[in-house]
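# structure for this input, please:
(one chain, ligands or ions: 1)
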Amino acid sequence: MKNINVAMNGLGSVHKTLSGILKDKQLVLKEKYDIGFNVVMISDSSGVAVNNNGFNMVEVIAHKNSGGRVSGLSEYQDKSFLDILSDTNVDLVWEASPVDFDTGGEALEIARDALNRGISVVLANKGPVVKAHGELKALSNNSGAGFKYSATVCGGLPILNIGERDMIAGDVSEFSGVFNGTCNFILDVLKNGVAFDAAVKEAQNVGAAEADPSLDIDGWDTAFKLLIIANHVMNARITLDDISVKGIMSITPEMIRAEESQGNTIKLVASFDGSTYKVEPTVVAKDTFIGSCTGWEMGIEIHSDLYGIMYHKLYEKEPVPTAASMLRDAVNIFS
Ligand SMILES: NC(=O)c1ccc[n+]([C@@H]2O[C@H](COP(=O)([O-])OP(=O)(O)OC[C@H]3O[C@@H](n4cnc5c(N)ncnc54)[C@H](OP(=O)(O)O)[C@@H]3O)[C@@H](O)[C@H]2O)c1
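As a prediction, this is how the structure comes out:
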């Protein structure tokens, strides 16, 4: 059986959930995929800890859930993640720390360093892919290390995998998608006559929006996903400057109600029409695929020359599909 030594950067909801999946699916992973994962490095905002024999992640998660921090573990080391990575036997870095879209943050440094040294990298954090997709891909090609990030686009929706693996020799002529649950949720609340700020608060109260929801509302989170799809599936090599981005701030309850009376609705739609990339609030008929993506659902409609018109939709309320996507990427790299 392959035993993969793993470093986990970040220990929030995604990696906690992934740790639970590793425990629950240990037998399936062994019997079906002949693979096991041994978490030897962990980190949170307080620092990094190392256990070359592998952490008991049930105990680590219990420690975190009771308010403990990595710096409070006996295995804590007062060194940077990168310094420890260079001294530790690690095959794979799972990266799920907060996004830094300006620079890619430490996550980008870690991805660079790991890929350079032949350590595979699986990301949930979009930052490094948005900032440096081409560079990281080249590092992976040069060193032979695996580099996957299917969780960065709509969590568990396997759109990057389908595009890469299942659309062999196909050309995407156009696509459109609803990629942001927060905007979906806010637009659904606006429909009930609630003002924009109150709709945002409601979304925050049910956990559908972050304390600072501006990246979602302004359309940037959707644009990041559009960028990743275009570059990964279509090899488009675009940057954010190539995407026209408008958020949902100007949408009012009246606008949505007027459309509803015509059998339409308004969605924040990411699209490629064959030449331009756009993110903008769009009027769509409710009985279309895009019009049917509501609440916690995300979906994409892809038109291509060889594979017809595909419709893929995912309901994801908890981070389980996102965490599972990090596992699937890792299994795909090592099996
Ligand atoms: N949640 C989802 O469904 C989802 C879906 C797709 C993609 N993602 C992406 O996945 C990533 C993680 O999401 P999440 O929901 O797990 O976030 P989260 O719950 O906020 O957890 C973030 C974790 O990163 C740690 N952290 C903060 N600064 C750090 C640093 N400098 N070095 C190392 N660790 C650091 C935090 O430490 P503390 O524990 O000390 O605060 C926390 O453990 C984000 O980039 C997010 O955009 C999430």
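# domain ranges for this protein, per the record?
Annotated domains of the chain cover 2-156+319-334, 161-315 [automatic domain parsing].
# so which of these gets nearest the ligand?
When those are ranked by distance to the ligand, counting by Cβ to the nearest ligand atom, first place goes to domain 2-156+319-334 at 1.7 Å. Bear in mind the C-beta positions are built from the backbone N, C-alpha and C, glycine included.
# for the host helix or strand of residue 29, packing partners?
Assigned by DSSP states H and E, residue 29 belongs to helix 26-33. Packing contacts for helix 26-33, counted by 3 or more Cβ pairs under 8 Å, 6 or more residues apart in numbering; DSSP states H and E, involve strand 35-44.
# in its sheet, which strands sit next to the strand it packs on, and in what direction?
Strand 35-44 has its sheet partners listed here by DSSP bridges as strand 2-9 (parallel), strand 47-50 (antiparallel).
# follow-up on the earlier one: format the domains of the chain as JSON lines; extra columns: mean neighbour count.
What follows is the domains of the chain, written out as JSON lines (neighbours: other Cβ atoms under 10 Å):
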{"stretch": "domain 2-156+319-334", "mean neighbour count": "19"}
{"stretch": "domain 161-315", "mean neighbour count": "18"}
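# kindly reformat these as a markdown table containing distance to the ligand and mean pLDDT.
Converted to a markdown table, the domains of the chain look like this (distance: least, Cβ to the nearest ligand atom, whole Å; pLDDT from 0 to 100):
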| stretch | distance to the ligand | mean pLDDT |
| --- | --- | --- |
| domain 2-156+319-334 | 2 | 97 |
| domain 161-315 | 8 | 96 |
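# what does the helix holding residue 29 rub up against?
The contact list for helix 26-33, computed with Cβ atoms under 8 Å, 6 or more residues apart in numbering, reads 1, 22, 35-37, 331, 335.
# one more time with 10 Å
1-2, 4, 21-22, 25, 35-37, 327, 330-332, 334-335 (Cβ atoms under 10 Å, 6 or more residues apart in numbering).
# out of those residues, which is nearest to residue 87?
residue 4 (18.2 Å; Cβ to Cβ).
# residues touching the closest one, list them.
When contacts are counted by Cβ under 10 Å, 6+ apart, residue 4 touches 29, 35-40, 90-92, 120, 330-331, 333-335.
# kindly state the beta-bridge partners for it.
Beta-bridge partners, per DSSP bridges, of residue 4: residue 37.
# how about the helices in the stretch 101-250 of the chain?
Assigned by DSSP state H, counting those that start in this stretch, the helices in the stretch 101-250 of the chain fall at 105-116, 127-143, 159-161, 181-190, 196-205, 214-217, 220-233.
# wait, which of the ones you listed is closest to residue 285?
So among the helices of the stretch 101-250 of the chain, helix 181-190 is nearest, using Cβ to Cβ, at 15.1 Å.
# returning to what we had before: may I have the helix holding residue 29 as PDB, with CA atoms only?
Presented in PDB, the C-alpha positions along helix 26-33 are these (Å, rounded to 0.1, in the frame of the first residue of the first chain):
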ATOM      1  CA  GLN A  26      -9.600   4.800   5.600                       C
ATOM      2  CA  LEU A  27     -10.700   1.200   4.700                       C
ATOM      3  CA  VAL A  28     -12.100   2.200   1.300                       C
ATOM      4  CA  LEU A  29      -8.900   4.100   0.500                       C
ATOM      5  CA  LYS A  30      -6.900   1.000   1.400                       C
ATOM      6  CA  GLU A  31      -9.000  -1.600  -0.300                       C
ATOM      7  CA  LYS A  32     -10.100   0.200  -3.400                       C
ATOM      8  CA  TYR A  33      -7.100   2.500  -4.000                       C
END
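# switch to numbering from 23
Got it, the first residue is 23 from now on, which makes the last one we talked about helix 48-55.
# chain center to it, what's the gap?
Distance of helix 48-55 from the chain centroid (Cα atoms, centre = their mean, to the nearest Å) equals 25 Å.
# with stretch 286-301 instead?
So, by Cα atoms, centre = their mean, the centroid of stretch 286-301 is 20 Å from its chain's centroid.
# between the two ends of it, how far is it?
End-to-end span of stretch 286-301 (Cα to Cα, to the nearest Å): 18 Å.
# same deal with stretch 183-201?
Start-to-end span of stretch 183-201 (Cα to Cα) is 16 Å.
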